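Visitor: only the shape, not the letters, is given here:
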């Protein structure tokens with residue numbers, strides 16, 4: 001029996017699927033089993049998986065393979081954040097007995113490192129497509145009736161089509177904003193850096209870029225229209241992160257929606273609303289880091305009869321749309337707009353395209369923020385759990401009494417576990433501190449496997465390790481954390 005409990009091994013299932021596809025292709029009616037419009041983290045994964053299962057796949061990408069994540073988002077930002085982390089540790093090295101004097105920051109070298117990482121991964125992705133005989137067309141694709149895709153002068157008849165166009169930066173209607181600002185795309189290539197920058201929006205993009213620039217000596221001010229940074233992260237985690245970033249030198253104005261942007265000598269001014277009157281932030285550069293919208297505008301999708309809602313394509317758990325043989329994945333298929341969510345949706349869609357019957361689960365999608373300290377969460381927050389009718393239990397464990405944290409010289413942060421009182425179901429896990437984005441994987445596996453808080457608490461963790469914090473938070477729910485004062 002395979003890992004999905006179907007009674008058929010993975011190898012046997014793939015052999016059957018390949019035989020079916022060989023028979024279907026013999027008619028010559030279709031040019032491809034699947035055409036994927038969009039070569040981002042969901043699109044290229046879907047094409048690769050379909051090809052692994054014996055299908056003929058075509059990817060249409062008008063820009064670089066890898067989409068926003070690989071080229072202008074996840075990967076380049078993490079390459080720069082690695083530089084920021086080194087600066088952070090160099091500044092703190094003296095208390096470990098490592099004396100580093102007269103260090104300097106070379107932004108051009110940082111950008112070169114970032115570009116090398118992106119190029120290597122992009123080339124690797126193109127190699128994988130070529131190795132599995134996936135045709136890559138660098139152009140704009142458009143879906144036509146009957147699962148036909150228009151690419152330039154060519155029309156491709158496909159058995160199935162996967163829509164994976166991704167998203168674009170949303171431009172809020174702020175008076176005076178004009179075009180004199182940068183988005184996350186341009187932010188990753190600024191060289192030289194400005195002396196000061198105002199970030200509109202305190203989500204993951206704004207926080208990560210602010211952390212990088214602040215580490216490099218830029219004066220960073222962030223204005224946020226809500227009362228909490230980090231969008232939908234746990235309120236206690238948000239408060240801890242804000243304190244840590246302020247201690248590093250970043251400045252925040254909360255409940256301060258941007259009302260107007262105007263030119264000023266040496267830069268621009270952002271006028272924000274405030275409880276005690278308007279707040280004016282002057283900076284050389286403005287980063288717009290508010291939100292993103294699905295890239296479905298002007299695609300003619302609604303005219304085809306595709307069901308949509310506020311720009312997003314409506315799909316079921318198999319990633320199918322209401323049109324036969326048409327699937328949608330990634331950012332255009334709804335929140336959260338995360339690369340790993342798109343990746344898994346692409347995998348599910350490809351398996352179903354090739355004759356499978358697999359369903360997407362959204363209960364355990366991790367959300368990371370790669371600042372210092374790092375933040376990661378999965379599942380429900382306390383208010384969300386209560387709103388859904390759960391009687392909850394909450395356990396926490398602070399890093400300041402965790403042996404590994406003390407040895408690392410990093411006492412910041414904590415782990416929080418939320419469970420259902422009746423059955424012990426793990427509803428959410430929230431971590432702030434060193435390596436939080438790695439530690440969260442344990443919680444993802446636990447929730448996806450439907451482990452109880454008792455099982456998490458009584459799983460033996462290595463000592464000393466940061467992962468002990470998650471175990472101790474689970475033990476705290478049971479009243480059994482002997483290390484928590």
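Guide: Yep, it's here. Because the structure is predicted, anything quoted here is derived from the model rather than measured.
Visitor: any low-confidence regions in this structure?
Guide: Within the chain, the ranges that satisfy pLDDT under 70 run 1-28.
Visitor: tell me which residue is most central in it.
Guide: residue 338 (3.2 Å; CA atoms, centre = their mean).
Visitor: wait, residue 476 touches residue 483, no?
Guide: No: checked against CB atoms under 8 Å, the pair residue 476 and residue 483 is beyond contact range at 9.6 Å. Yep, even glycine has a C-beta here, placed from its N, CA and C like the rest.
Visitor: more neighbours: these two, which one.
Guide: A direct count of neighbours by other CB atoms under 10 Å for residue 476 and residue 483 places residue 476 higher, at 22 against 13.
Visitor: so that one is in which element?
Guide: Using DSSP states H and E, residue 476 sits in helix 468-477.
Visitor: surely residue 338 meets residue 369?
Guide: No: contact criterion CB under 8 Å: residue 338 and residue 369 do not qualify, at 11.6 Å.
Visitor: now do the contacts for the residue lying closest to residue 105 once chain neighbours are set aside.
Guide: Of all residues not flanking residue 105 in the chain, residue 216 sits nearest, at 5.6 Å (CB to CB, 6 or more residues apart in numbering). Neighbouring residues of residue 216 by CB atoms under 8 Å, 6 or more residues apart in numbering: 84, 87, 105, 107, 193.
Visitor: looking at the residues you listed, which one is closest to residue 356?
Guide: residue 84 (42.1 Å; CB to CB).
Visitor: burial of that closest one, as a residue count?
Guide: Residue 84: 22 surrounding residues under other CB under 10 Å.
Visitor: may I have the phi/psi pair for it?
Guide: With angles defined as degrees, to the nearest 10, residue 84 sits at phi -60, psi -40.
Visitor: for the contacts of residue 216, work out which two are farthest apart.
Guide: 87 and 193 (12.7 Å).
Visitor: in CSV, list the contacts of residue 216 along with secondary structure.
Guide: Output for these, formatted as CSV (DSSP: H, G, I helix; E, B strand; the rest coil):
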residue, secondary structure
84, helix
87, helix
105, coil
107, helix
193, coil
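Visitor: what residues of stretch 61-80 count as buried?
Guide: Buried positions in stretch 61-80, judged by neighbour count with 16 or more other CB atoms under 10 Å: 61, 64-80.
Visitor: what's the closest non-adjacent residue to residue 240?
Guide: residue 432 (5.2 Å).
Visitor: that older thread, what touches both of residue 476 and residue 483?
Guide: Listed as contacting both residue 476 and residue 483 by CB under 8 Å, 6+ apart are residue 397.
Visitor: quick one: the strands in the stretch 51-200 of the chain, in order.
Guide: Secondary structure of the stretch 51-200 of the chain (DSSP state E, counting those that start in this stretch): strands at 57-60, 135-137, 141-144, 148-151, 154-163, 167-169, 196-200.
Visitor: out of those strands, which one sits most buried?
Guide: With neighbours taken as mean count of other CB atoms under 10 Å, the strands of the stretch 51-200 of the chain reach their highest mean count in strand 57-60, at a mean of 27.
Visitor: now for that strand, which elements pack on it?
Guide: In terms of contacts (3 or more CB pairs under 8 Å, 6 or more residues apart in numbering; DSSP states H and E), strand 57-60 is packed against strand 32-37, helix 43-52, strand 135-137.
Visitor: what strands flank the shortest one, and is each parallel or antiparallel?
Guide: It refers to strand 135-137. strand 57-60 (parallel) (DSSP bridges).
Visitor: ok, how many other residues are close to residue 272?
Guide: Each residue near residue 272 was counted by other CB under 10 Å, and the total is 20.
Visitor: quick check: phi and psi at it.
Guide: Torsion angles at residue 272 (phi, psi; degrees, to the nearest 10) stand at phi -120, psi 150.
Visitor: quick one on the thing from earlier: ok, the residue nearest to residue 240 - contacts?
Guide: Counted by CB under 8 Å, 6+ apart, residue 432 has contacts 237, 240, 241, 373, 374, 375, 412, 413, 414.
Visitor: check for me that it belongs to a strand.
Guide: Yes: counting by three-state DSSP, residue 432 is part of a strand.
Visitor: any idea how far residue 377 is from residue 93?
Guide: Relative to residue 377, residue 93 is positioned 30 Å away (CB to CB, to the nearest Å).
Visitor: more neighbours, the two?
Guide: residue 377 (25 against 14).
Visitor: the helix or strand hosting the more buried one: how far from the chain's middle?
Guide: Applying DSSP H and E as the criterion places residue 377 in strand 374-379. Relative to its chain's centre, strand 374-379 lies at 11 Å (CA atoms, centre = their mean, to the nearest Å).
Visitor: cool, and stretch 237-252?
Guide: 21 Å.
Visitor: quick one: the strands in the stretch 351-485 of the chain?
Guide: Assigned by DSSP E, counting those that start in this stretch, the stretch 351-485 of the chain shows strands spanning 367-369, 374-379, 392-398, 414-420, 426-433.
Visitor: tell me which strands the second one pairs with, and in which orientation.
Guide: Same thing as strand 374-379. strand 367-369 (antiparallel), strand 426-433 (antiparallel).
Visitor: can you pull out the strands in the stretch 201-350 of the chain?
Guide: Counting by DSSP E, counting those that start in this stretch, the stretch 201-350 of the chain has strands at residues 219-223, 251-253, 258-264, 267-272, 279-283, 285-288, 292-294, 308-309, 312-313, 326-328.
Visitor: nearest to residue 183, out of those strands?
Guide: Proximity to residue 183 (CB to CB) singles out strand 285-288 among the strands of the stretch 201-350 of the chain, at 5.5 Å.
Visitor: what packs against that closest one?
Guide: strand 196-200, strand 267-272.
Visitor: export the ones you listed as a markdown table, with columns for distance to residue 445.
Guide: A markdown table is the format used below for the helices and strands packed on strand 285-288 (distance: least, CB to CB, whole Å):
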| stretch | distance to residue 445 |
| --- | --- |
| strand 196-200 | 34 |
| strand 267-272 | 42 |
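Visitor: out of those, which gets nearest to residue 294?
Guide: Short answer: strand 196-200, nearest of the helices and strands packed on strand 285-288 by CB to CB, at 20.9 Å.
Visitor: on that earlier part again, what are the contacting residues of the strand holding residue 377?
Guide: With CB under 8 Å, 6+ apart as the criterion, strand 374-379 contacts 230, 233-234, 237, 241, 363-369, 418, 426-437, 439-440, 443-444, 447.
Visitor: which of these are buried?
Guide: 230, 233-234, 237, 241, 364-369, 418, 426-437, 439-440, 443-444, 447.
Visitor: domain assignment for this structure?
Guide: 10-69+112-168+293-353, 184-286, 367-477 (automatic domain parsing).
Visitor: can you add distance to residue 98 and give those back as TSV?
Guide: Below are these laid out as TSV (distance: least, CB to CB, whole Å):
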stretch	distance to residue 98
domain 10-69+112-168+293-353	22
domain 184-286	18
domain 367-477	11
